[in-house]
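sequence and predicted structure, then a few things I'm wondering about:
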Amino acid sequence: MGKISVVTSAEHIIEKGVGEQTSLAHATTADGTPVATAVLHVGYETCPFDVAELFGYGGSKRMLVVRRLRHVGFDPVGFEVGFLEPRRFPRLARKNLTGSMLDLLRSEYGVDYAGSHELIEVVPAQGEVASRLALEEGEPVLHVTYRMLDGEDRTIMVSRDYYRTDRVRFNVWHHTKE
């Protein structure tokens, strides 16, 4: 069990459980301010080789890509780039993509969510990431590569999420009861 804490410039903290999904879609600050989402782009792109591999492809593949910005007030806190197979999710681009992708894929497409894998690392902000998060090139960001799996161990979605290190912290607890 764990939480994602988002610290805004006003020092408000957003708590979000870790384990099912690290989405900030339903999060709010301690004073009730919601984390808002702006959908920046939805379209088809050739995904990077490492993302294609997570879907089981041996090379690059055209995928549906969803770019979203998470913010509290005018402060950007997260930038997400999600990759999905267009054949599996027809007309996804016409749906409301501002909420939880997992909730949407479950309700609209009957996705059988079985688990996920998250790789969390600190990387330097570059290009679009730096621009979207209002950072200087080279400033550190938390980079989460998130892979969502269904009941047959097939990849549902791969998301590359970037969070400002001065606004977001991951707080993960592991506990076993005897």
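Sure thing, it's come through.

okay, CA-based contacts and neighbour counts for the rest of this
Will do.

where's Val51 relative to Asp161, distance?
Using CA to CA, to the nearest Å, one obtains 13 Å as the distance from Val51 to Asp161.

what segments of the protein are strands?
2-7, 13-18, 36-46, 62-72, 75-84, 113-124, 140-150, 155-164, 168-172 (DSSP state E).

which of those strands comes out lowest on mean pLDDT?
With a mean of 47, strand 13-18 has the lowest mean pLDDT of the strands of the chain.

count of neighbours near Tyr162?
Using other CA atoms under 10 Å, Tyr162 has 29 other residues around it.

next one: Glu152
By other CA under 10 Å, 9 other residues sit near Glu152.

what are the phi and psi values at it?
phi -100, psi 20 (degrees, to the nearest 10).

can you tell me how far it is from Asp112?
Applying CA to CA, one obtains 9 Å for the distance of Glu152 from Asp112.

can you list the strands of the chain in TSV and add distance to Asp103?
Formatted as TSV, the strands of the chain follow (distance: least, CA to CA, whole Å):
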stretch	distance to Asp103
strand 2-7	18
strand 13-18	15
strand 36-46	15
strand 62-72	15
strand 75-84	15
strand 113-124	10
strand 140-150	12
strand 155-164	13
strand 168-172	22
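
is it true that Phe49 touches Gly56?
No - here Phe49 does not reach Gly56: they are 10.5 Å apart, not a contact under CA atoms under 8 Å.

show residues contacting stretch 134-146.
For stretch 134-146, the surrounding residues in contact (CA atoms under 8 Å, 6 or more residues apart in numbering) are 76, 116-127, 130, 158-165.

so which bits of that stretch are buried?
Buried residues in stretch 134-146, counting neighbours by 16 or more other CA atoms under 10 Å, are found at Leu135, Pro140, Val141, Leu142, His143, Val144, Thr145, Tyr146.

this completes my enquiry, with thanks.
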